[in-house]
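J.: Here is the input, now give the coordinates:
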Amino acid sequence: MGEWVWPAYVGVLGGVLLFGVFMVPIVAVQYRMFGRFTWRRFLGAAGLSVYGVALVAYTLLPLPDPSLLKCGPGGSTFQAIPFQFLDDIQRETSGLGITGTLTSRATLQVVFNVVLFIPWGVIARRYLSWNIAVSTLTGALASGLIEATQFTGLWGLYDCAYRLADVDDLITNAFGALIGALIAPLVLWFMPQRRELRAARGQSRPVTVWRRWLGMVIDYVSLAFLGFALVVTYRVGLLAIGADLPGNDDAISLILMHLVPGFLVFYLPALVGPGASLGQRAVWLQPQWPATRRRTLLRASATGGLYVVLSFLGALLPTSAFGPLTGLVLLAAFVAVPLTKSRGLSGVLTGAQMVDSRGSVRRRVAGSATRAD
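T.: Reported below is the predicted structural model:
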């Protein structure tokens with residue numbers, strides 16, 4: 001049973017790590033889709049992460065050492081006879097009683113293949129709000145992708161298949177997804193549905209300290225994600241053209257890591273509409289003021305822009321005091337939110353008050369209708 005238990009540990013550990021990496025983007029997407037944060041769907045995303053990693057662990061891991069993998073001629077890498085598992089069970093349990101048959105490896109393998117995809121059907125039907133047919137079909141497609149990955153030796157990474165691809169796995173996995181889709185309303189009865197949440201998406205909500213903090217966290221996590229992606233893209237491009245990789249203090253890398261993401265997160269949004277940052281737009285917030293382009297750029301510079309410049313200088317001059325100053329600016333920005341009735345430092349310095357953007361849209365529409373009358 002050890003070979004069936006250890007992937008569960010991999011799934012829990014890997015799923016938690018995966019969810020931790022993408023936690024902030026998940027919250028941002030949830031806020032934009034539903035107009036608010038819901039703990040139950042947030043925890044559902046965590047469960048989805050754990051299940052996804054566990055599914056990979058059970059079906060594709062452990063990866064063998066390529067030097068130890070034997071790819072001799074004549075070996076079958078694909079079992080193409082449907083319901084062959086019935087003959088396998090009959091052959092391997094011949095002479096055994098009911099208990100022996102039910103607990104035999106051949107029987108348990110089939111049962112496990114069904115059980116493995118029951119969560120797929122539950123998640124697809126109740127968390128993603130797909131119907132029974134789509135939930136079952138996507139389960140079959142996912143199983144087919146797994147079998148193809150096994151059959152091709154991880155898409156050519158290995159010289160031959162390191163696991164037997166089996167059409168019966170596809171059948172039992174799809175059946176498991178169907179069972180999951182059928183029982184999903186009973187299993188996840190407490191999960192808020194997407195259509196219900198979307199129906200209240202446009203409802204204006206209070207501007208709380210936690211909501212302001214969440215917008216700020218999304219901003220600064222976006223800085224890190226964008227910076228990392230740009231630097232990786234730049235270095236992969238260098239490798240593609242055969243150029244040597246520069247050191248960590250390369251000026252282009254530092255600009256891509258700090259200044260370009262700062263422009264995209266803080267300054268570019270300041271030039272569009274009311275001037276809210278990416279994080280503020282994600283949580284449906286915007287500044288309310290007699291805005292001018294100078295004011296919006298000043299607000300973008302007050303905390304976010306200052307943080308970006310100091311972090312860039314700190315990376316460029318690591319022995320300077322810019323590093324501690326960067327942390328101090330970030331701390332001051334977060335502490336100022338509850339002390340300034342959610343206006344924040346930038347709002348205090350520029351005269352902006354943070355409001356729910358949905359309420360502002362309704363007020364503008366109502367004002368336009370009044371003027372038209």
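J.: And the helices in the stretch 51-200 of the chain?
T.: Using DSSP state H, counting those that start in this stretch, the helices assigned to the stretch 51-200 of the chain run over residues 84-92, 98-102, 105-122, 132-151, 153-156, 167-187, 194-199.
J.: Same list, these, but as TSV with mean pLDDT and mean neighbour count please.
T.: The way it works is simple: take the backbone N, C-alpha and C, and place the C-beta from them, glycine included. Shown next, in TSV, are the helices of the stretch 51-200 of the chain (pLDDT from 0 to 100; neighbours: other Cβ atoms under 10 Å):
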stretch	mean pLDDT	mean neighbour count
helix 84-92	88	14
helix 98-102	83	11
helix 105-122	93	20
helix 132-151	94	18
helix 153-156	84	12
helix 167-187	96	21
helix 194-199	88	12
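J.: Give the phi and psi angles for residue 356, as a check.
T.: phi -70, psi 130 (degrees, to the nearest 10).
J.: For it, give its distance to residue 273.
T.: Distance, residue 356 to residue 273, using Cβ to Cβ, to the nearest Å: 15 Å.
J.: Among these two, which residue is more densely surrounded?
T.: residue 356 (20 against 12; other Cβ atoms under 10 Å).
J.: Please verify my assumption that that one contacts residue 284.
T.: Yes. Applying Cβ atoms under 8 Å, one finds residue 356 in contact with residue 284, separated by 5.8 Å.
J.: low-confidence ranges in the chain?
T.: Residue ranges of the chain with pLDDT under 70: 1-4, 72-76, 291, 319, 360-373.
J.: what's the domain layout of it?
T.: For the chain, the structural domains run 2-62+76-199, 212-372, going by automatic domain parsing.
J.: Pipe the ones you listed into CSV and attach distance to residue 69 per row.
T.: Converted to CSV, the domains of the chain look like this (distance: least, Cβ to Cβ, whole Å):
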stretch, distance to residue 69
domain 2-62+76-199, 6
domain 212-372, 28
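J.: returning to that earlier point: which neighbours do residue 356 and residue 284 have in common?
T.: Counting by Cβ atoms under 8 Å, 6 or more residues apart in numbering, the common neighbours of residue 356 and residue 284 are residue 205.
J.: Which elements pack onto the helix or strand hosting residue 328?
T.: Element membership for residue 328, per DSSP states H and E: helix 322-339. The contact analysis (3 or more Cβ pairs under 8 Å, 6 or more residues apart in numbering; DSSP states H and E) places helix 322-339 against helix 209-240, helix 306-316, helix 344-350.
J.: Mind putting these into CSV with distance to residue 139 and mean neighbour count?
T.: Output for these, formatted as CSV (distance: least, Cβ to Cβ, whole Å; neighbours: other Cβ atoms under 10 Å):
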stretch, distance to residue 139, mean neighbour count
helix 209-240, 31, 17
helix 306-316, 45, 20
helix 344-350, 46, 21
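J.: Nearest to residue 54, out of those?
T.: helix 209-240 (25.3 Å; Cβ to Cβ).
J.: Out of the domains of the chain, which is closest to residue 70?
T.: Of all the domains of the chain, domain 2-62+76-199 comes closest under Cβ to Cβ, at 8.4 Å.
J.: Name the residues of the helix holding residue 328 that are buried.
T.: Buried residues in helix 322-339, defined by neighbour count with 16 or more other Cβ atoms under 10 Å: 322, 323, 325, 326, 329, 330, 333, 334, 336, 337.
J.: ok so, going back, of the domains of the chain, give the one that comes closest to residue 206.
T.: domain 212-372 (7.6 Å).
J.: Let me have the helices of the stretch 51-200 of the chain in CSV, adding distance to residue 35 as columns.
T.: Converted to CSV, the helices of the stretch 51-200 of the chain look like this (distance: least, Cβ to Cβ, whole Å):
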stretch, distance to residue 35
helix 84-92, 48
helix 98-102, 50
helix 105-122, 25
helix 132-151, 25
helix 153-156, 40
helix 167-187, 24
helix 194-199, 7
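J.: Residue 36: which of these is closest?
T.: Among those, the nearest to residue 36 by Cβ to Cβ is helix 194-199 (7.7 Å).
J.: Show me the contact partners of that closest one.
T.: 33, 34, 35, 36, 38, 41, 128, 129.
J.: what's the answer for stretch 130-149, then?
T.: With Cβ under 8 Å, 6+ apart as the test, stretch 130-149 has contacts from 55, 59-60, 117, 120-121, 124-125, 128, 155, 165-167, 169-170, 173-174, 176-178, 180-182, 184.
J.: Kindly report the same for stretch 273-285.
T.: Contact with stretch 273-285 is made by 28, 31-32, 35, 205, 207, 211-212, 214-220, 222, 264-266, 269-270, 286-288, 291, 295-296, 299-300, 304, 354-358, 360, as judged by Cβ under 8 Å, 6+ apart.
J.: For it, list every residue counted as buried.
T.: For stretch 273-285, by 16+ other Cβ under 10 Å, it's 274, 275, 276, 277, 278, 279, 280, 281, 282, 283, 284, 285.
J.: ok now it, how far from the chain's centre?
T.: 21 Å (Cα atoms, centre = their mean, to the nearest Å).
J.: One more: stretch 62-69?
T.: Remark: stretch 62-69 is offset 30 Å from the chain centroid, using Cα atoms, centre = their mean.
J.: And stretch 228-243, by the same measure?
T.: The answer for stretch 228-243 is 24 Å, by Cα atoms, centre = their mean.
J.: Dump that stretch to CSV, keeping only the CA atoms.
T.: Presented in CSV, the C-alpha positions along stretch 228-243 are these (Å, rounded to 0.1, in the frame of the first residue of the first chain):
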residue,chain,number,x,y,z
PHE,A,228,10.5,37.5,-12.4
ALA,A,229,8.7,36.8,-15.7
LEU,A,230,10.5,39.6,-17.6
VAL,A,231,13.9,38.6,-16.3
VAL,A,232,13.4,34.9,-17.2
THR,A,233,12.1,35.9,-20.6
TYR,A,234,15.1,38.1,-21.2
ARG,A,235,17.6,35.4,-20.1
VAL,A,236,15.9,32.7,-22.1
GLY,A,237,16.1,35.0,-25.1
LEU,A,238,19.8,35.4,-24.6
LEU,A,239,20.3,31.6,-24.4
ALA,A,240,18.2,31.2,-27.6
ILE,A,241,20.5,33.4,-29.6
GLY,A,242,23.6,31.8,-28.1
ALA,A,243,24.7,34.8,-26.0
